[in-house]
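> next comes the sequence, and after it the predicted model I'd like to discuss.
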2 protein chains.
Amino acid sequence: MKSPLASLLWRSLRVYQVFGANTDVGKTIFTTLLTRTAKKLWKDEQVTFLKPVSTGAVDDADDRYDCPFLHISRFAPGVARNTLYQYDIPCSPHSAAIASGRPIPSDDELLAKCRAFATQCATKQGWLFMETAGGVHSPGPSGKTQADLYIPLRAPSLLVGDSRLGGISQTISAFESLRIRGYDVESVLLFKDDTYENYQYLEEYFRKQYGIPVTSLLEPPQKHENPEKDAEAMEKYYDRNDSTEITGQVLKTLDINHQNRLTNLDTMATRASEHIWYPFTQQSLVGPKDIMTIDSAHGDYFQTLAPPSPQTSPETPVLRSSFDASASWWTQGLGHSNPKLTMAAAYAAGRYGHVMFASAVHQPAMALAETLLNGMKNPRLKRVFYSDNGSTGTEVAIKMGLRAARKRYGWDTSQKLGILGLKGAYHGDTIGAMDCAEPGIYNEKIEWYEGKGYWLDYPTILCKDGKWCVSVADGLQGSFGPGGAFGSLSEIFDVEKREANGEQAMYEEYITSTLRRLKDQGRKFGALMLEPIILGAGGMEFVDPLFQRTLVKTVRKSPHLFGESSLSATEAQDPNEWAGLPVVFDEVFTGLYRLGRFTPSSFLGVHPDISVHAKLLTGGLVPLCTTLASENIFKIFLSPDKTDALLHGHSYTAHPIGCQVALESVKEMQDMEDRGEWAWAKSQGWTQASSSQIDVWSTWPRGFVEDLSRQTDKVSGVWALGSVLAIHLRDEAGSGYSSNAALGLRESLGLGRADGEGGPWNVHSRVLGNVLYVMASQVTSDTSVKQLSELLMEGIAGKKQ
Amino acid sequence: MKSPLASLLWRSLRVYQVFGANTDVGKTIFTTLLTRTAKKLWKDEQVTFLKPVSTGAVDDADDRYDCPFLHISRFAPGVARNTLYQYDIPCSPHSAAIASGRPIPSDDELLAKCRAFATQCATKQGWLFMETAGGVHSPGPSGKTQADLYIPLRAPSLLVGDSRLGGISQTISAFESLRIRGYDVESVLLFKDDTYENYQYLEEYFRKQYGIPVTSLLEPPQKHENPEKDAEAMEKYYDRNDSTEITGQVLKTLDINHQNRLTNLDTMATRASEHIWYPFTQQSLVGPKDIMTIDSAHGDYFQTLAPPSPQTSPETPVLRSSFDASASWWTQGLGHSNPKLTMAAAYAAGRYGHVMFASAVHQPAMALAETLLNGMKNPRLKRVFYSDNGSTGTEVAIKMGLRAARKRYGWDTSQKLGILGLKGAYHGDTIGAMDCAEPGIYNEKIEWYEGKGYWLDYPTILCKDGKWCVSVADGLQGSFGPGGAFGSLSEIFDVEKREANGEQAMYEEYITSTLRRLKDQGRKFGALMLEPIILGAGGMEFVDPLFQRTLVKTVRKSPHLFGESSLSATEAQDPNEWAGLPVVFDEVFTGLYRLGRFTPSSFLGVHPDISVHAKLLTGGLVPLCTTLASENIFKIFLSPDKTDALLHGHSYTAHPIGCQVALESVKEMQDMEDRGEWAWAKSQGWTQASSSQIDVWSTWPRGFVEDLSRQTDKVSGVWALGSVLAIHLRDEAGSGYSSNAALGLRESLGLGRADGEGGPWNVHSRVLGNVLYVMASQVTSDTSVKQLSELLMEGIAGKKQ
């Protein structure tokens, strides 16, 4: 999906998609029965049949099954019917579309047409049955299989089972292919073949495994050679009361399901407000109307319950597409409900479930460890420690770093050690991770919080009024003068050249003098901990990479500022030995292509001794974290004494599902990079493949970013890097978490468009005080970026006339 | 699987299982080609064909395809062949088995026979092709579909695709059904039908999606009416060089895959020891030979690489079944690779992926919250907070409890608050959770650890020399005399009767006097935090339930011992208002049926104000934790100020996969209870359905447990409850973590049996100091329990003569 497409749900219209367990299993007969019976039972309603893609010439149809369209018109006379794409050649839609010589419709086009048709149907109370072609995985016109193609419509489905020899297997497998793509199959229908009795087996199977009803109907009469007699026989078949009764029962159940689905969606926010305790949320400010009910998600978009308004009527779409502009708290990389990740998760679940990991190893954990260590291209990193999320992974890093420093400098356990970090740092919400952040309004009320460390000021980067500027924070002002402006991001990231120009000198002086002062105060540190380039939760602050590079290099050459090192001269020769302090990079947010590169440490040109990776690690599917470390730090924990070990471990450590999904995600993103799939983004004014510029780019066009920054009455600055766009809004009352400056923009994004080609869509964004950010995934399309850019610019500059 | 069954892997024998995308797709022709060609290319080796279940009478076979057995013998003359179950009726194995009137083989029997046959084959270097019947989900003799049935064999597989109309869909769906069960499909084979050209589409599809080769072969000749001419034509077909060449290429790839799989398994432990940093492990004591390589897992058993020995030869089984006696660090409940849980995970992945949860809601999270709140039957609990694991869930509980107490008693943030707990408590490895545990050898070396609280002594339960005894710890000795012996666990758990007898008086006195002393010392507490009944990581200590009940009741009636309460008289009337201290139950290990009940708080007859649930919550699949809390505690965090909120949240909070899997797991366990599936366990001397006894039972037979406890020279005591059996071994040097007393028993369990019907098996157990525990899952069979009990008794009492 390149553009937003809202799932098919209206109060007025029950939409059902009919899939077949195989070709030629009777889809059309069942659909005919369902539409006929619906028309009987709901006389005043409109019943519609849609065959989105039909193959086989209508005129030539000499068989009663050859053309569903004709069949319906013959046997279900009161039923409206339509076809969106008609191909004369009677084969799979994919082959027929190619053979037709006509332009092949894109998946987006086809789905938008389906939606447009359903929207029309929804103007009246009624039913819509959409019949697919062939089996569930028969390829659609573009070549994508229908099971994958139709996911975004997320219409509840009916599966016509296979009553023939082998049909049990076909029916279950087809069902599974739908189920693992998130389809709700509400009913399985098949013929009552008394030779194979598949229906008996399947009835029990689907009841026990899924609680899904299986309905079986007598087989249609044998085909008569005389077409008129044949039609008569079919008419009789359709007329049989028992069939109508049974079909009526199916329809009544579907009708109830439709109502239940609506009721569930309508009440969920209220129930949530009564029973959910939300993370990081002041719930007195969040009523049911502020809670977003998510029905499903696909690609970059949630399907959310549209808020009721005075204009709401039964034909108003119930769901709208909401661009997931926080990338689901920064985790999303490969699109929601990506079948590749689903298959990876299911494969590992099927092969292992979870298996315990202490002194054990399994393929996904081993392969992921090797893939990460190779991908980092950091000769220091040799070990992988698994945990469950960025917060726990940070605590692991702290335990590693502090022990290493304590042993090196000969401190006993009574010595209080701190972290050296940056102001506004954030590493997670467990107490140990919180303690790595400086005290502030967001943690000082936490009972056991006790900030342990010192946090330096730092210079930031912003595009202001079209210019890329380095600004110095208040705390630095005494040390060096105001920052300059640069021609491009590439120039800012050319840290070696800037170093050659001596730009780092004032940074180094500030750092060294600070460290000296801290030493004189008797303070002791166990690690330097940084979020490379971007301080995310700290307010989307973009730190001058030269500053972070200088900080790492200065710490490494200044062991004397931390303690009396016990490192021998030989040990100090080891290029992978840590020096000064263990350097920990928290790459939870910034790593694994979020900023466009495998690791953001490559921007700095310095390697950490320990690095932490989560969020995008699993492409946005399940929690998993890895803490990578150098062999020398690992060795510090070796001893004959168990209690010298790194005492950390979670039950689900290195759970195979997480590892397999991460392996798939990381490899997929590496492949995307190798295949040059982000060339379109780079070419938006960022870098040319041919140039010798530093390779820095964003999903967001450079021109757009710079234009935004020129809205100086509203915007104090903007930056974009990788898939992240951060807009710092002006706030007279000052920036920070208490600011409400971004709320207006957030609201206008939340309104979105009511008239999108694929139905209504909006943007679900999160703000951090005066900063509104929009985070794309690694698969966001240029189309989406254009639509979002327009909406953003309107939200800031006001609607274009 | 009721008994252990080792997967089919030998160095001498390449075993491949041949599945069909449908019935009648040419499985036998491909298998014939593969066996013929294998025999040509590996002349000195034995090539074998096995049809485990064959339907259709051998003698009557008048068609060249009707009987694979005859077909192979005719067209692949040098190939050995066998059938394990032959049914004359030509239909699905399931129906044929019923119609035969003969006893229907159980799945275990069938698999054991397959394995026995393969074991014989493995005595010679060679190939074994096992051909399944019909499609992948065609039911086997017992009715279980073959895709589910053959999982434990975990033979690498070949899928014969469907070249007919609709075959693309059939082939992909069949593949997916195998893949999500953990099968490694190494090759897809199908006929080159030039009308539908499925092979072209499928070649590209499988290459792009999975990197799996698709091989297509010319179709066999049309059937000739004259059987001899037909046989000639087939012979010619098989002889075609091109087919042999292509088939030879397939075989060469399979041969390389087989070698690669072995090399990967053989080297994995070494690679792990070089690159994995293990949780909670002193790695100087763990070499490659101590690392268990897990190839897969099914039911209660891992498939692990058997250690090499001097006796190892090419025909030695490479894998053995290892009973997962730590239930994969206490998480496993519904068996490894349970297809229901896999489907739940895949459905949620397909429907949502992960979606952010702050001020949002989705069906799995909402339904799970409602299911848990209902299941607890605790009127106090109204809110669910999601996090990632027991450690983070405990930190959430602390943040809740401490804030509530601080507000109630009017303490400011400078007041140091502690936790009131039990000695040996353990709540996780993040710093905040560690701080809830008293200082000891396992945390005192952690740099930021600082135990915050007071930990009480407590009386323990053990079966000693056949008697169920309450023993008092050293710290209690001054307060009350030695504990007594009880007739049964039920008597011990009859806390109301014991209370009526006044047995709690001495407990209450000890608790009250301790609290008074602490108050006099000026100590302040924010929560009472307990692991109900069993202190797991603290050494599998079984606490007298009457003591924990008394502790909760005493704390609740003693607010004056904690501070000056600001609670109004009206508020105090609310039966759901917390009193004294917020009572937190850490049910991470003991909850959700681990001890036989939904919640262990029902044993105590008191309700917590906050409870924490993880591990079994997801049945043993993915990390997820819920912290449940009362509405009154929730309300304390409401204010107009964002910073008064509960400041905790993880990126993957309430990830849909975890919630959906948990929903499925919890409901499945509730259903098992409702269906009385543990009746066999209860009837092992524990409780009778008809009796008025307290319902306390274990997977482990009471007689066996009491017999174990009579081995008084080795055993100091034993207990069993729910699925847990804990054996406290005598150690002259004293108990505790440094003890090695349990290592001998662990080793003897590790040797296991070389001669099991289903191949070699052993027990992978974990010890906690002098305690060896064996933790079954909620689906462990009586057969497994019997086998394990025998092995355990032998390990302790010495081998029976």
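Done, it's in.

> only C-alpha atoms for contact and neighbour calcs from this point on.
Will do.

> wait, A:His298 sits on A:Leu334?
No - in this structure, A:His298 is not within contact of A:Leu334 by C-alpha atoms under 8 Å, at 10.2 Å.

> the domain parsing of chain A - what is it?
Chain A breaks down by the TED database into domains covering A:13-263, A:702-797.

> now do stretch A:269-288: distance from first to last residue.
5 Å (C-alpha to C-alpha, to the nearest Å).

> what do you get for stretch A:35-51?
13 Å.

> ok, now stretch A:122-139?
End to end - C-alpha to C-alpha - stretch A:122-139 spans 28 Å.

> cool, stretch A:377-395 as well?
Length of stretch A:377-395, first residue to last, C-alpha to C-alpha: 24 Å.

> which helix or strand contains A:Leu84?
Per DSSP states H and E: A:Leu84 is located in strand A:80-87.

> what comes up buried for that strand?
A:Ala80, A:Arg81, A:Thr83, A:Tyr85, A:Gln86, A:Tyr87 (16 or more other C-alpha atoms under 10 Å in any protein chain shown).

> from the contact counts, what lies against it?
strand A:46-55, helix A:68-75, helix A:93-100 (3 or more C-alpha pairs under 8 Å, 6 or more residues apart in numbering or on different chains; DSSP states H and E).

> the last one to strand A:80-87, inter-axis angle?
This means helix A:93-100. Orientation check (axes from the mean of the first three to the mean of the last three C-alpha atoms, to 10 degrees): helix A:93-100 against strand A:80-87 gives 60 degrees.

> is any part of helix A:93-100 close to chain B?
No - using C-alpha under 8 Å from any C-alpha of the partner chain, helix A:93-100 stays clear of chain B, coming no nearer than 8.7 Å.

> list the buried ones in that helix?
Those would be A:Pro93, A:His94, A:Ser95, A:Ala96, A:Ala97, for helix A:93-100 by 16+ other C-alpha under 10 Å.

> near chain B, which residues of the stretch 651-800 of chain A?
So far as C-alpha under 8 Å from any C-alpha goes, the stretch 651-800 of chain A lies against chain B at A:Ser651, A:Tyr652, A:Thr653, A:His655, A:Ile657, A:Gly658.

> who's in contact with the fourth one?
It stands for A:His655. By C-alpha atoms under 8 Å, 6 or more residues apart in numbering or on different chains, the residues touching A:His655 are A:His354, A:Val355, A:Met356, A:Phe357, A:Ala365, B:Leu621, B:Val622, B:Pro623.

> now these: which count as buried?
A:His354, A:Val355, A:Met356, A:Phe357, A:Ala365, B:Leu621, B:Val622, B:Pro623.

> looking at it, the last one is touching B:Leu616, isn't it?
When you say that, I think you mean B:Pro623. No - in this structure B:Pro623 lies outside contact range of B:Leu616 using C-alpha under 8 Å: 9.7 Å.

> what pairs with the strand holding A:Leu84, parallel or antiparallel?
With DSSP bridges as the test, strand A:80-87 is paired with strand A:46-55 (parallel).

> next, the angle from the strand it pairs with to helix A:68-75.
In terms of direction (the same axes, to 10 degrees), strand A:46-55 departs from helix A:68-75 by 140 degrees.

> check the offset of strand A:46-55 from the chain's centre.
33 Å (C-alpha atoms, centre = their mean, to the nearest Å).
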